[in-house]
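Here is my input; please provide its structure:
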Amino acid sequence: MFEERGVPGIAVVTEPFRETGRAMATTWGLPGFRFLEVPHPIATLGAGDLDALAIRLVPRILEVLRA
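Next comes the predicted model:
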């Protein structure tokens, strides 16, 4: 919905969900939607590890959004 309003967006997914995400984006009329892939799985990470991952991803997210 952000992209439709001109606000750049990105989805962070793990590798097994990349193709599903692309298919969903295409279905929603956004075939070029950007994805950033992170290692799988993340469900087993604790809150501290998830926070650390999110902090490490910020530069990559900004890079993708600016591209």
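
ok, residue 40 touching residue 14?
Yes - between residue 40 and residue 14 there is a contact under C-beta atoms under 8 Å: 3.6 Å. C-beta: built from backbone N, CA, C; applies to glycine.

Who is the spatially most central residue of the chain paired with across the strands?
Nearest to the mean C-alpha position of the chain, by C-alpha atoms, centre = their mean, lies residue 12 at 1.9 Å. Beta-bridge pairing of residue 12 under DSSP bridges involves residue 36.

Identify the residues contacting it.
35-38, 57, 61 (C-beta atoms under 8 Å, 6 or more residues apart in numbering).

where do the strands sit along the chain?
All strands of the chain, identified by DSSP state E, fall at 11-14, 35-38.

Make a markdown table out of these and add mean pLDDT and distance to residue 25.
Compiled in a markdown table, these are given as follows (pLDDT from 0 to 100; distance: least, C-beta to C-beta, whole Å):
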| stretch | mean pLDDT | distance to residue 25 |
| --- | --- | --- |
| strand 11-14 | 94 | 8 |
| strand 35-38 | 92 | 8 |
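
about what we covered before: could I get the contacts of residue 12 as CSV with neighbour count and distance to residue 44?
Shown next, in CSV, are the contacts of residue 12 (neighbours: other C-beta atoms under 10 Å; distance: C-beta to C-beta, whole Å):
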residue, neighbour count, distance to residue 44
35, 15, 21
36, 15, 20
37, 15, 17
38, 15, 13
57, 15, 18
61, 14, 22
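
what's whichever helix in the chain runs longest in contact with?
Ranked by number of residues, the top helix in the chain under DSSP state H is helix 47-66. Applying C-beta under 8 Å, 6+ apart, the contact partners of helix 47-66 are 8, 10, 12, 34, 36, 38, 42, 45.

and the second one, how many neighbours?
When neighbours are counted by other C-beta atoms under 10 Å, residue 10 registers 17.

Could you check how far the closest residue to it other than its chain neighbours is from residue 48?
In this structure, residue 10 finds its nearest non-sequential neighbour in residue 34, 4.8 Å apart by C-beta to C-beta, 6 or more residues apart in numbering. Computed as C-beta to C-beta, to the nearest Å, the residue 34 to residue 48 distance reads 27 Å.
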